[in-house]
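Chemist: Fold the following, please.
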Amino acid sequence: MLAVPVLAVTPLAAAPGRSLPSCPERLLVLDTETTALSRDQGQCIEVGAVLFHVPSRAVLMQVSFLLPCPSNPAEAINGIAAEVSRLNQPWQAGLTCFEAMVAAADAVVAHNVSFDRQWFGHGPLPPLAKPWICSMEDIRWPAERHLRATPSVRDLALAYGVPVWAAHRALTDCIYLIQVFERSPDLELLLQMALEPRRLYRACLGYAERHRAKEAGFRWNEPVRGAWCRRLSEREVESLSFVVEPVDPLDGVLPRTA
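Modeler: As a prediction, the model looks like this:
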């Protein structure tokens, strides 16, 4: 158990004597639309991706394509009819373009990595053996934006003055993230800190103090039932004002590649 000194949303300075990972130059920002919540129950029906150059804050390339599927129980959410996905279209060419974008990227960004990453390396989608950054969990957005610890894409966009005009299509959500990145003067540091190794920790707090874990971005019952948990770097552990412990020491450092 670690006794350590609530988690700052974005500490915009590296601790003395502790180096940070290199900042990726090219990001592949991606999003998926699916027919179910897991690949055991459904499939990916749409992929959207944008190749983004960090130093110049510029979009280099973007692509979106549908993948044919027999049915889509999630049509009410994503608005994609299964019969539309089966219309004659060059989705294979879109996939080839996507693979070229993957090859050119230094890291992959998704707003919910634990959800989006599961679809790659299965069916026609290639495995993505690149570092992953979760813009919801790994990036600590500046406190002055007044965001909760794990913001939605919508809330993140609005906090940065990005108009929200549509939802639940893959490329749209990618564009929201890109426009947030374009408005982030500290993007390089945010990305470097997001790439620090993280482990899953449990908050050691009683019921009466559960609000402290929630305020620090810990989640109840996810992924460990009956516990408030969050993935943290060593730097973030040191910034906490309550005791935490690793959920499972055998897990080690959580992987950042597929």
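
Chemist: what are the ranges of the strands in the chain?
Modeler: 26-34, 44-53, 58-66, 107-110, 132-134, 199-203, 219-220, 228-232, 244-246 (DSSP state E).

Chemist: Tell me the buried residues in the longest one?
Modeler: Of the residues in strand 44-53, those buried under the neighbour-count criterion (16 or more other C-beta atoms under 10 Å) are 44-52. To be clear about C-beta, it is placed using only N, CA and C from the backbone, and glycine gets the same treatment.

Chemist: returning to that earlier point: take the strands of the chain and lay them out in TSV including mean pLDDT and distance to Gln179.
Modeler: What follows is these, written out as TSV (pLDDT from 0 to 100; distance: least, C-beta to C-beta, whole Å):
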stretch	mean pLDDT	distance to Gln179
strand 26-34	98	11
strand 44-53	98	10
strand 58-66	98	10
strand 107-110	98	13
strand 132-134	97	17
strand 199-203	94	31
strand 219-220	92	27
strand 228-232	93	26
strand 244-246	95	34
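
Chemist: Output the below-cut-off pLDDT ranges for the stretch 151-258 of the chain.
Modeler: 249-258 (pLDDT under 70).

Chemist: do the stretch 1-150 of the chain as well
Modeler: 1-18.

Chemist: residue ranges for the helices of it, please.
Modeler: Ranges of helices within the stretch 1-150 of the chain are 75-78, 82-85, 91-104, 113-116, based on DSSP state H, counting those that start in this stretch.

Chemist: middle-most residue in this protein, spatially?
Modeler: The residue lying closest to the centre of the chain (C-alpha atoms, centre = their mean) is Cys134, at 2.3 Å.

Chemist: quick one: Val153 and Glu137, what's the gap?
Modeler: 13 Å (C-beta to C-beta, to the nearest Å).

Chemist: my bad, Thr96
Modeler: Applying C-beta to C-beta to Thr96 and Glu137 gives a distance of 31 Å.

Chemist: And those two? Which one has more around it.
Modeler: Under the neighbour definition other C-beta atoms under 10 Å, Thr96 and Glu137 were set side by side, and Glu137 has more, 19 against 13.

Chemist: Okay, and the beta partners of the residue nearest to the centre of the chain?
Modeler: Here Cys134 sits in beta bridges with Ala110, going by DSSP bridges.

Chemist: so it sits right up against Arg117, yeah?
Modeler: No - with contact defined as C-beta atoms under 8 Å, Cys134 does not reach Arg117; the gap is 9.2 Å.

Chemist: what do the two both touch?
Modeler: Counting by C-beta atoms under 8 Å, 6 or more residues apart in numbering, the shared contacts of Cys134 and Arg117 are Ala110.

Chemist: what sits against the residue nearest to the centre of the chain?
Modeler: Here Cys134 is in contact with 109-114, 194 (C-beta under 8 Å, 6+ apart).

Chemist: For PyMOL, what selects the buried ones among those?
Modeler: Buried members of these, defined by 16+ other C-beta under 10 Å, are picked up in PyMOL with:
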select buried, resi 109+110+111+112+113+194
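
Chemist: of the contacts of Cys134, closest to Ser22?
Modeler: Distance to Ser22 across those (C-beta to C-beta) is lowest for Ala194, with 12.3 Å.

Chemist: And for that closest one, nearest residue in space, chain neighbours not counted?
Modeler: Leaving aside its sequence neighbours, Ala194 sits nearest to Asp138 (C-beta to C-beta, 6 or more residues apart in numbering; 4.0 Å).

Chemist: how far away is that neighbour from Ser114?
Modeler: 11 Å.
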